[in-house]
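> Sequence first, predicted model second:
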Amino acid sequence: MADERFLATLWGTIEARRDDPAAAGSYTRTLLAAPARARRKVIEEAYEVVEAQQGLLAGQDSREHLALEAADLVYHLFVVLASAGVTPAQVYDVLESRHGRPARNP
């Protein structure tokens, strides 16, 4: 069963694609080379998450579809972060500080 630790693996894969010229044909690498396209994908996937959630609440969609759309959103968000040099750890620090825990890297 997958858990949140896979996010670290996904991040590592994105970084590896970014840093490997031999990965030039990978989808990840093409998005990293076109930040505007990656941003558009985040917007598209966020919309699809909202639509799937709305459909689920209306009894017209499934949890599986919502999970699929959320996975696409997380992946594309990670690509946008990687293209800007922002790490998930930085995002986690912000989230922790918002919930009463001091940030690890102030």
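Okay, I see it.
> From now on I want contacts and neighbour counts done on CA atoms only, so please keep to that.
OK.
> ok, now which ones touch the residue in the chain sticking out farthest from the centre?
Computed with CA atoms, centre = their mean, the residue of the chain farthest from its C-alpha average is Gly59, at 26.6 Å. Neighbour list for Gly59: empty [criterion: CA atoms under 8 Å, 6 or more residues apart in numbering].
> Make 625 the starting number, not 1.
With the count now opening at 625, the last piece we talked about shows up as Gly683.
> what about it, distance to Ala676?
10 Å (CA to CA, to the nearest Å).
> helix, strand or coil for Ala670?
For Ala670, the assignment made with DSSP: H, G, I helix; E, B strand; the rest coil gives helix.
> That one contacts Leu697, doesn't it?
Yes. At 6.0 Å, Ala670 counts as touching Leu697 under the criterion of CA atoms under 8 Å.
> where does the residue farthest from the centre of the chain land in three-state SS?
At Gly683 the chain is in coil, as set by three-state DSSP.
> Need phi/psi at it.
phi 80, psi 20 (degrees, to the nearest 10).
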